[in-house]
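S.K.: predicted model and sequence follow; I will ask about them next.
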Amino acid sequence: MRERGIQAMLQHEENIEDILRKHPELSREELNKGIEALLKGDVYLEFKRGGETEDYLMGHQIGLASNLVDILNGKQWNLIQTDSIPFVTSDNPVVTMPSPYSLRSKWGFIDGDVLLPLSPERALWLTNRYYAQTVLTIPEDLMPKFQFYTIAYCDTSVFAHANVREVQEVLDSTEYGYVYKVDLPKNYKPPVRKSGPSSLTT
């Protein structure tokens with residue numbers, strides 16, 4: 001998935017210009033040759049861990065986790081269910097998605113929803129909007145939207161409890177190699193919900 005993401009990134013001219021600015025030792029011709037080889041599959045990327053790279057990644061992950069605790073705690077926690085098309089999950093099960101009732105083209109942990117499928121029938125749905133103090137049933141016409149983001153954010157694999165036609169249709173409609181980017185401001189401190197009714201019941 002990371003390699004496919006890099007391939008998608010290199011198809012946009014502004015990203016290529018950014019690489020040339022950061023690496024003046026590279027000529028446009030050399031970079032174009034490398035990009036062409038990568039896009040054609042003639043070369044492959046291997047991501048190695050350790051040393052300064054490991055320190056940087058660990059520091060970044062700790063900082064991100066610290067911000068996410070407050071963000072997720074401030075959301076409404078909803079237990080949702082389906083009595084129609086089942087939920088699917090993947091090898092990257094926690095995903096962000098826009099609200100089904102929002103027309104936003106960009107979203108992230110702050111202004112978007114967070115979805116974690118728990119079973120074919122139920123999932124945990126963290127939202128900024130209060131819905132109800134009960135288990136919510138998702139209408140059948142909205143279930144493909146929930147499935148789409150689970151499928152789009154997978155690393156390599158999607159899991160379903162059965163071979164369901166509607167799941168296959170959503171899988172087939174997901175663009176191969178497309179990257180859905182979410183942004184989290186570095187210094188953002190969200191308001192934390194101190195009290196009030198919980199929208200999660202068991």
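M.R.: Received the coordinates, thanks.
S.K.: top helix in this structure by residue count?
M.R.: helix 51-73 (DSSP state H).
S.K.: alpha carbons of the following helix or strand past that one, as PDB, please.
M.R.: Scanning forward in sequence from helix 51-73 by DSSP states H and E, the next helix or strand is strand 76-81. Taking C-alpha atoms only, strand 76-81 is exported to PDB below (Å, rounded to 0.1, in the frame of the first residue of the first chain):
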ATOM      1  CA  GLN A  76     -19.700  10.900  20.900                       C
ATOM      2  CA  TRP A  77     -19.200   7.100  21.100                       C
ATOM      3  CA  ASN A  78     -22.000   5.300  19.300                       C
ATOM      4  CA  LEU A  79     -22.700   1.600  19.100                       C
ATOM      5  CA  ILE A  80     -24.300   1.000  15.600                       C
ATOM      6  CA  GLN A  81     -25.800  -2.100  14.000                       C
END
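S.K.: in strand 76-81, which residues are buried?
M.R.: By neighbour count with 16 or more other C-beta atoms under 10 Å, strand 76-81 contains the buried residues Gln76, Asn78, Leu79, Ile80. (Glycine included, C-beta is placed from N, CA and C.)
S.K.: show me the domain layout of this structure.
M.R.: 2-40, 56-173 (automatic domain parsing).
S.K.: mean confidence for the longest one?
M.R.: This means domain 56-173. Across domain 56-173, pLDDT averages out at 84.
S.K.: end-to-end on it?
M.R.: Chord length of domain 56-173, first to last residue, is 36 Å (C-alpha to C-alpha, to the nearest Å).
S.K.: ok, now stretch 17-26?
M.R.: Counting by C-alpha to C-alpha, you get 11 Å between the two ends of stretch 17-26.
S.K.: contacts for that stretch?
M.R.: Stretch 17-26 has contacts (C-beta atoms under 8 Å, 6 or more residues apart in numbering) with Arg28, Leu31.
S.K.: quick one on the thing from earlier: most tightly packed of the domains of the chain?
M.R.: For these, the largest average neighbour count (mean count of other C-beta atoms under 10 Å) is found in domain 56-173, namely a mean of 15.
S.K.: all helices of the chain, in order?
M.R.: Using DSSP H, helices in the chain cover 2-9, 13-22, 28-40, 51-73, 143-152, 165-173.
S.K.: TSV for these, including distance to Phe109?
M.R.: Listed next are the helices of the chain as TSV, based on distance: least, C-beta to C-beta, whole Å:
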stretch	distance to Phe109
helix 2-9	19
helix 13-22	24
helix 28-40	30
helix 51-73	5
helix 143-152	13
helix 165-173	23
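S.K.: which one of the ones you listed lies nearest to Val95?
M.R.: Val95 lies closest, by C-beta to C-beta, to one member of the helices of the chain: helix 143-152, at 5.0 Å.
S.K.: quick one: residues contacting Pro139.
M.R.: Ser84 are the contacts of Pro139 under C-beta under 8 Å, 6+ apart.
S.K.: separation between it and Ala162?
M.R.: 21 Å (C-beta to C-beta, to the nearest Å).
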